[in-house]
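In: Take a look and give me a structure for this.
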Amino acid sequence: MKCPRCDSDKVRKMVDSPVGNAWEVYLCDKCYYSWRSTETPNIHDKFKLDDEKIAHMQVIPPVPPLDK
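Out: This next block holds a predicted model:
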């Protein structure tokens, strides 16, 4: 399976549906895109990622600890 966003083959199943075998959620370990098996991902060309775009992505800052 390939990631629909970056075409990487570094895709893993994160979780199965809690009831029955209705769906699975997949995650790309390269660009962190996630999707359900019941979805047909429709990634427009302007949202496709390549190695250069991934290297320049901003890092999401961690949530600071809450004061007590």
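
In: Strands of this protein, start to end?
Out: For the chain, the strands defined by DSSP state E cover 11-16, 24-28, 34-36.

In: Deepest-packed of these, please.
Out: Per residue and on average, the most neighbours among those fall to strand 24-28, with a mean of 18 (mean count of other C-beta atoms under 10 Å). In this view, the C-beta of every residue, glycine as well, is placed from N, C-alpha and C.

In: Tell me the helices and strands packed up against it.
Out: With contacts defined as 3 or more C-beta pairs under 8 Å, 6 or more residues apart in numbering; DSSP states H and E, the packing partners of strand 24-28 are strand 11-16, strand 34-36.

In: Model confidence for residue 19, exactly?
Out: For residue 19, the model assigns a pLDDT of 90.

In: Kindly provide the distance from it to residue 9.
Out: Here the distance between residue 19 and residue 9 works out to 30 Å (C-beta to C-beta, to the nearest Å).
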